[in-house]
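> Just need the structure, nothing else, for what follows:
(one chain, ligands or ions: 1)
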Amino acid sequence: MKTSVRKCLFPAAGYGTRFLPATKAIPKEMLPILTKPLLQYGVEEARSAGIDTMAIVTGRGKRAIEDHFDRSYELELQINGTSKEELMTEIRDIVKNCTISYTRQVEMKGLGHAILTGETLIGDEPFAVILADDLCDNADGESVLAQMVKMYNIYRCSIVAVEEVAPEDTNKYGVVAGEFITPNIMRVQNMVEKPDPKDAPSNLAIIGRYILTPDIFDIIKDVKPGKGGEIQITDALLEQAKQGRVVAFKFQGKRFDCGSVDGFVAATNYFYTKSKV
Ligand code: G1P
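Numbering: from 1, shown residues only. Have a look, this model is predicted:
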């Protein structure tokens with residue numbers, strides 16, 4: 001088994017109903033913050049963590065994703081030698097240097113199920129997961145996933161990125177509880193998917209960044225449908241946590257919930273201001 005984190009899985013099959021009608025024909029992962037689609041931010045974050053193999057779990061109506069991470073000869077012909085070329089620098093670099101593979105999730109049965117669908121692309125090695133609608137940025141510091149890979153190299157177990165949320169918002173997230181072993185690292189003992197505020201074990205919420213050890217796949221296969229009747233990654237991780245094999249990491253940086261209109265607008269303003277500095 002490979003022991004370093006070489007691959008990143010992107011669950012990208014969801015419908016994006018909160019962004020209808022924009023997401024009727026365009027995958028939500030392709031909505032842009034400024035001029036760059038959300039998924040490209042995710043891929044760039046993975047690369048900043050030393051990962052160049054991307055595994056994308058797509059679904060019906062998501063072909064634009066594959067076209068984005070491919071060469072477009074007509075476009076290249078049009079812009080070659082013009083000032084527009086520099087707008088393509090980053091995506092050209094990704095297309096040239098990354099291996100990107102796809103598989104389709106035929107039925108939407110939850111995030112755990114989406115991750116299991118990616119097993120065929122990941123195999124028997126630890127891997128990262130990025131939910132592209134959680135957009136993270138750490139100004140000029142290390143990206144959130146790069147910070148997590150460092151933690152993985154120390155703890156060698158599954159890692160979830162967490163941040164404190166308002167107590168009334170716990171029902172939007174997986175929530176963790178446990179014991180802090182450093183100021184930023186908690187050994188997770190309990191985790192609950194989207195608990196009501198009154199039942200939440202803490203206000204530390206999982207955001208869309210994970211590093212998972214590959215035994216998670218077999219665990220997911222045995223997990224029963226949980227919250228919302230879906231196969232939840234949180235429930236699978238709880239099995240690892242019971243064996244002391246999950247840590248929660250309070251990362252450095254900002255995170256925007258671009259699955260909501262408010263978060264999307266906040267991210268747009270943030271990156272716009274950043275682009276002008
Ligand atoms: C998923 C996970 C949840 C996590 C969240 C982070 O929920 O199930 O545990 O806190 O992502 O964004 P979703 O937002 O897909 O409903």
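> interface residues of the stretch 101-250 of the chain facing the ligand?
111, 131, 134, 173, 174, 193, 205, 206, 207, 208, 232, 234 (C-beta under 6 Å from any ligand atom). Placement of C-beta: from N, CA and C, glycine included.
> between the residues you listed, which is closest to the ligand?
Set against the ligand, the nearest of these by C-beta to the nearest ligand atom is residue 174 (2.6 Å).
> Give me the neighbour count for the closest one.
A total of 26 residues lie near residue 174 under the criterion other C-beta atoms under 10 Å.
> Low-confidence regions, the protein specifically.
Screening the chain residue by residue with the criterion pLDDT under 70, one finds the ranges 1.
> In the top helix by length along it, which residues are buried?
For the chain, the helix with the greatest residue count under DSSP state H is helix 261-276. Residues of helix 261-276 classed as buried: 263, 264, 266, 267, 268, 271 (neighbour count, 16 or more other C-beta atoms under 10 Å).
> So which elements touch that helix?
If you count contacts as 3 or more C-beta pairs under 8 Å, 6 or more residues apart in numbering; DSSP states H and E, helix 261-276 packs onto strand 32-33, strand 134-137, strand 254-257.
> residues making contact with the last one?
Strand 254-257 is contacted by residues 133-138, 144, 163, 207, 263-264, 266-267, 270 when judged by C-beta atoms under 8 Å, 6 or more residues apart in numbering.
> What's the separation between the spatially most central residue of the chain and residue 33?
The C-alpha lying nearest the average C-alpha coordinate of the chain belongs to residue 130 (C-alpha atoms, centre = their mean; 1.6 Å). Note on residue 130: its distance to residue 33, by C-beta to C-beta, to the nearest Å, is 15 Å.
> same deal with residue 214?
For residue 214 relative to residue 33 (C-beta to C-beta), the value is 32 Å.
> Among those two, which residue is more densely surrounded?
Between residue 214 and residue 33, counted using other C-beta under 10 Å, the more crowded position is residue 33 (21 against 15).
> could you list every residue that touches that one?
By C-beta under 8 Å, 6+ apart, the contact list for residue 33 reads 41, 135, 258, 264, 267, 268, 271.
> how about 6 Å then?
Counting by C-beta atoms under 6 Å, 6 or more residues apart in numbering, residue 33 touches 267, 268, 271.
> Tell me the bridge partners for it.
In this entry, residue 33 is beta-bridged to residue 36, by DSSP bridges.
> before we move on, what about residue 174?
According to DSSP bridges, beta-bridge pairing links residue 174 with residue 193.
> Go ahead and confirm it touches residue 193.
Yes: between residue 174 and residue 193 a contact is recorded at 5.1 Å, counting by C-beta atoms under 6 Å.
> Pull up the overlap in contacts between the two.
Common contacts of residue 174 and residue 193 (C-beta under 6 Å, 6+ apart): residue 234.
> In contact with residue 69, which residues?
Residues in contact with residue 69 (C-beta under 6 Å, 6+ apart) are residue 100.
> can you give me the helices for the stretch 101-250 of the chain?
Secondary structure of the stretch 101-250 of the chain (DSSP state H, counting those that start in this stretch): helices located at 111-117, 119-122, 144-155, 216-222, 233-242.
> For those helices, could you give me a markdown table that also reports distance to residue 197 and mean neighbour count?
Shown next, in a markdown table, are the helices of the stretch 101-250 of the chain (distance: least, C-beta to C-beta, whole Å; neighbours: other C-beta atoms under 10 Å):
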| stretch | distance to residue 197 | mean neighbour count |
| --- | --- | --- |
| helix 111-117 | 21 | 24 |
| helix 119-122 | 34 | 18 |
| helix 144-155 | 26 | 19 |
| helix 216-222 | 27 | 17 |
| helix 233-242 | 17 | 23 |
